[in-house]
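**Student:** I would like the atomic coordinates for the input below:
(chains A and B)
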Amino acid sequence: MIQAVCIKQVADTETRVKVAADGKALDPAGVTWILNPYDEFALEQALRVREKLGAGEVVVASLGGAGVAATLRNALAMGADRALHLRADAPPPDSLAVARALAAELRPLSPDLVWCGRQAVDGDAAQVGPMLGELLEMPCVTAVAGFELEGRTAVVERDIEGGREVVEVQLPAVITTDKGLNEPRYASLKGIMAAKKKPIEERPAQLGEPSLEVISLALPPPRSPGRVVGQGVEGVQELIRVLRQEAKIL
Amino acid sequence: MGELSNMMLLKEEHLQVREMARRFADEVVAPRAKEIDEKEEFPADTVKQMGELGFMGMPYPEKYGGAGLDTLSYTLAVEEISRACASTGITLAAHVSLGCGPIYANGTEEQKLRFLVPMARGEAIGAFGLTEPNAGSDAAGTQTRAESVDGGWRVNGSKIYITNGSVAKYITFTARTDASKGVKGISAFILDTATPGFRVGKREKKMGHRGSDTVEVVFEDCLVPAENMIGEPSGGFQSFMRTLTGGRISIGAMALGIARGAHEHSLRYAKERKQFNQPIANFQAVQFMLADMATKIEAARLLVYHASMLKDAGLPFVKEAAMAKLFASETANWVTDKAIQVHGGIGYMRDLPVERMHRDAKLMEIGEGTSEIQRLVIAREILRGV
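**Tutor:** As a prediction, the model looks like this:
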């Protein structure tokens, strides 16, 4: 069984991001880069499937600049067999372009399962997975929190409002993964050594014509500080009045 | 803190090891640190996981069960783990550098396959028995005796302050095989702790590193097979001294980790704590302490990494390892002291980790050669051939 895992390098959520001088992208200076947390669930699940079957190949693919190699190497250290690095200056904000470039590389592999995180924690678009399904002509199940493989059928669970939905899907399929699916492993130290010998193939990303353009990017305005309406018992009357008349939530 | 200066020294595999060790330290080691210190509890669960991830045999070749990484990678891992919890850091370092070290350096191929493989895989914990009531800095004062008997040696005596002593499967130790010859009458052995006559004596109650296992071990007519001698008869003292030279780098790494942990807590606290309507980090008195801490840590870091790199390159590192251990351990004590000062009253309380770090730091100036012994080693090296 061939499984492809699409991963993205994103800014650590604890990084204080700044908008770059052109006003259209983030300033990469001083940013700590991590593997998108939702993609860790995807990679972990692919590794578990391979371990359970006792055979097969896990290929990780990522699109981006030179720095992406470190994230791919880390995925190899966790246990992926080989990596594809689709070179681009930076991942474009255009999800369709990214999905097209990934689909162009994944199609020749004829993967049985294509894994993506449910969304990247930078752009939060959650579109590449479903778009890949469309482009590869495979069914796609998104935000999966439970996964069992029975032959060529996957039984997957999704957290939905107030409950859990169980879906059956035939392989090949695209699955996007949610928190709660599994507990991602640490790369072992032997894995880090083994990763040095595993191949990372590098090719230019076939992004095609962009269909989306970023006009401007701005940080949200700072939140206004709270207001003290009064103190002690005397404050209660005023608080209720403000909640009723100004906030209109009572 | 900024780590640009390290980028010049570290290769991609080092960055990967550091990242992995840091994450493991933050997510698994740090949450247990306060509890194992308070309860004097050996973190058996964490040690087991460290074995599975390959920490317990990091710098040894894969054919001996190790991860095949270099000394610098091992240094980075000990630093990151000690930054979260020094008790866990010393458990790792005592096993890898001292327990496994003499077998890897001086053992036969057969001894490596039989003892080092399970140790490096983390399936058997190792300890190192050198110190005795009358043999501390003067290791030549060893009184534990090994008498030649049919098929091996009969050992009697005791060793004190043995890290991992009650949890170890194998202990490498020194014993006197020839009473007439001073240090040249000392040999080194490997003992399986299941051997009849071996027992754990006094459990120490310590100032710091309270989660690590520190005990007296007693040998009463223990029969050690002849094939368990490490190296030549009477070569034990020299081989153990070489082990200590390498071990000094890992103490430097631990001290560096403790100092960094205390500094990071201080930075965060100084930005959060408000007095006179502003964060105390705005005051120069606090800023200067933070700046001095960072500067000393950076200097210690370079010394420790440099000694590691010399060892990896196969170059002499006796002087550099002693300097790294000396400077890093004194830095850890200075930095943890100032960390409590930055925190003020709450820093003195057990609620926050800096008081623990200060207690943990003290051992760094004592274990594996006191600061005074390090100065002697350095002086001997720099005066040689002048």
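**Student:** closest residue of chain B to chain A?
**Tutor:** Nearest residue of chain B to chain A: residue B:54, at 3.3 Å (C-beta to the nearest C-beta). Bear in mind the C-beta positions are built from the backbone N, C-alpha and C, glycine included.
**Student:** please enumerate residues in contact with whichever strand or helix holds residue B:174?
**Tutor:** Using DSSP states H and E, residue B:174 falls within strand B:170-176. Applying C-beta atoms under 8 Å, 6 or more residues apart in numbering or on different chains, the contact partners of strand B:170-176 are B:98-99, B:102-103, B:115, B:119, B:124-130, B:139, B:142-146, B:153, B:155, B:157, B:159, B:162, B:165, B:185-193, B:217, B:219, B:230, B:236-237, B:240.
**Student:** coming back round to it: how many neighbours does the residue of chain B closest to chain A have?
**Tutor:** 28 (other C-beta atoms under 10 Å in any protein chain shown).
**Student:** so it sits against residue A:194, correct?
**Tutor:** No - using C-beta atoms under 8 Å as the test, residue B:54 is too far from residue A:194 to be in contact (10.6 Å).
**Student:** what angle separates the host helix or strand of residue B:247 from strand B:170-176?
**Tutor:** Secondary structure from DSSP H and E places residue B:247 in helix B:236-272. Interaxial angle of helix B:236-272 relative to strand B:170-176 (axes from the mean of the first three to the mean of the last three C-alpha atoms, to 10 degrees): 130 degrees.
**Student:** does any bit of the helix or strand just after helix B:236-272 sit next to chain A?
**Tutor:** Downstream of helix B:236-272, the first helix or strand assigned by DSSP H and E is strand B:274-275. No - Strand B:274-275 stays clear of chain A (C-beta under 8 Å from any C-beta of the partner chain), getting no nearer than 14.7 Å.
**Student:** Provide the contact partners of the helix or strand just after strand B:274-275 at residue level.
**Tutor:** Next helix or strand after strand B:274-275 toward the C-terminus (DSSP H and E): strand B:278-279. Contact with strand B:278-279 is made by B:270-273, as judged by C-beta under 8 Å, 6+ apart.
**Student:** other SSEs contacting the helix or strand following strand B:278-279?
**Tutor:** Note on strand B:278-279: by DSSP H and E, the next helix or strand toward the C-terminus is helix B:284-312. Packed against helix B:284-312, as judged by 3 or more C-beta pairs under 8 Å, 6 or more residues apart in numbering or on different chains; DSSP states H and E, are the following elements: helix B:4-7, helix B:71-84, helix B:236-272, helix B:318-343.
**Student:** and these, which is most packed in?
**Tutor:** helix B:71-84 (a mean of 28; mean count of other C-beta atoms under 10 Å in any protein chain shown).
**Student:** restricting to C-alpha, output it in CSV.
**Tutor:** The C-alpha trace of helix B:71-84 is given here as CSV (Å, rounded to 0.1, in the frame of the first residue of the first chain):
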residue,chain,number,x,y,z
THR,B,71,29.2,13.4,21.6
LEU,B,72,27.8,16.8,20.7
SER,B,73,24.4,15.3,20.1
TYR,B,74,24.6,13.6,23.5
THR,B,75,25.6,16.9,25.1
LEU,B,76,22.6,18.6,23.5
ALA,B,77,20.2,15.9,24.8
VAL,B,78,21.7,16.0,28.4
GLU,B,79,21.4,19.8,28.3
GLU,B,80,17.8,19.8,27.2
ILE,B,81,16.7,17.2,29.7
SER,B,82,18.6,18.8,32.6
ARG,B,83,17.0,22.1,31.7
ALA,B,84,13.7,20.5,32.6
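**Student:** downstream neighbour of it in the secondary structure list?
**Tutor:** Downstream of helix B:71-84 (by DSSP H and E), the next one is helix B:86-93.
**Student:** anything in that next one near chain A?
**Tutor:** No - on the criterion C-beta under 8 Å from any C-beta, helix B:86-93 is out of touch with chain A, staying 12.1 Å away.
**Student:** buried stuff in the lengthiest strand in chain A?
**Tutor:** Using DSSP state E to define each element, chain A has its longest strand at strand A:140-150. Going by neighbour count (16 or more other C-beta atoms under 10 Å in any protein chain shown), the buried part of strand A:140-150 is A:140-147, A:149.
**Student:** okay, now the sheet partners of it, with direction.
**Tutor:** Applying DSSP bridges, strand A:140-150 is found paired with strand A:153-160 (antiparallel), strand A:173-177 (parallel).
**Student:** isn't residue B:270 right up against residue B:342?
**Tutor:** Yes - between residue B:270 and residue B:342 there is a contact under C-beta under 8 Å: 5.8 Å.
**Student:** which residues are in contact with each of these two?
**Tutor:** B:280, B:286, B:290.
**Student:** one step back: for the longest strand of chain A, C-alpha coordinates in CSV please.
**Tutor:** Taking Å, rounded to 0.1, in the frame of the first residue of the first chain, the C-alpha atoms of strand A:140-150 are listed here in CSV:
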residue,chain,number,x,y,z
CYS,A,140,-12.4,12.8,0.5
VAL,A,141,-13.4,12.7,4.2
THR,A,142,-12.4,15.7,6.2
ALA,A,143,-11.6,16.3,9.9
VAL,A,144,-11.3,12.6,10.8
ALA,A,145,-10.9,11.7,14.5
GLY,A,146,-11.1,7.9,14.2
PHE,A,147,-9.8,5.6,11.6
GLU,A,148,-10.0,1.8,11.0
LEU,A,149,-9.0,0.0,7.8
GLU,A,150,-10.9,-3.1,6.7
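**Student:** for the nearest residue to residue B:241 once chain neighbours are set aside, what are its contacts?
**Tutor:** Nearest-residue entry for residue B:241: residue B:139, 7.4 Å, with adjacent residues in sequence omitted and distances by C-beta to C-beta, 6 or more residues apart in numbering or on different chains. Residue B:139 makes contacts with B:130-131, B:174, B:183, B:237, B:240-241, as judged by C-beta under 8 Å, 6+ apart.
**Student:** ok, back up a step: name every strand pairing with the next helix or strand after the strand holding residue B:174 and say which way it goes.
**Tutor:** With elements assigned by DSSP H and E, the helix or strand that comes after strand B:170-176 is strand B:186-192. Under the criterion DSSP bridges, strand B:186-192 sits next to strand B:170-176 (antiparallel), strand B:229-230 (antiparallel) in its sheet.
**Student:** what angle do the very next helix or strand once past strand B:186-192 and strand B:186-192 make?
**Tutor:** Using DSSP H and E, the helix or strand that directly follows strand B:186-192 along the chain is strand B:198-203. Computed by the same axes, to 10 degrees, the angle separating strand B:198-203 from strand B:186-192 equals 100 degrees.
**Student:** ok, and what's touching strand B:198-203?
**Tutor:** Under C-beta under 8 Å, 6+ apart, the answer for strand B:198-203 is B:158, B:160, B:165-166, B:191, B:214-220, B:222.
**Student:** now do the buried residues in it.
**Tutor:** B:198, B:200.
**Student:** ditto for stretch B:187-195
**Tutor:** The neighbour-count check on stretch B:187-195 (16+ other C-beta under 10 Å) flags B:187-193, B:195 as buried.
**Student:** what about chain B, any weak spots by pLDDT?
**Tutor:** B:1-7 (pLDDT under 70).
**Student:** chain A contacts on that one?
**Tutor:** Listed as neighbours of chain A in chain B under the rule C-beta under 8 Å from any C-beta: B:12-13, B:15-17, B:19-20, B:23-24, B:52-55, B:58, B:62, B:67-69, B:73, B:77.
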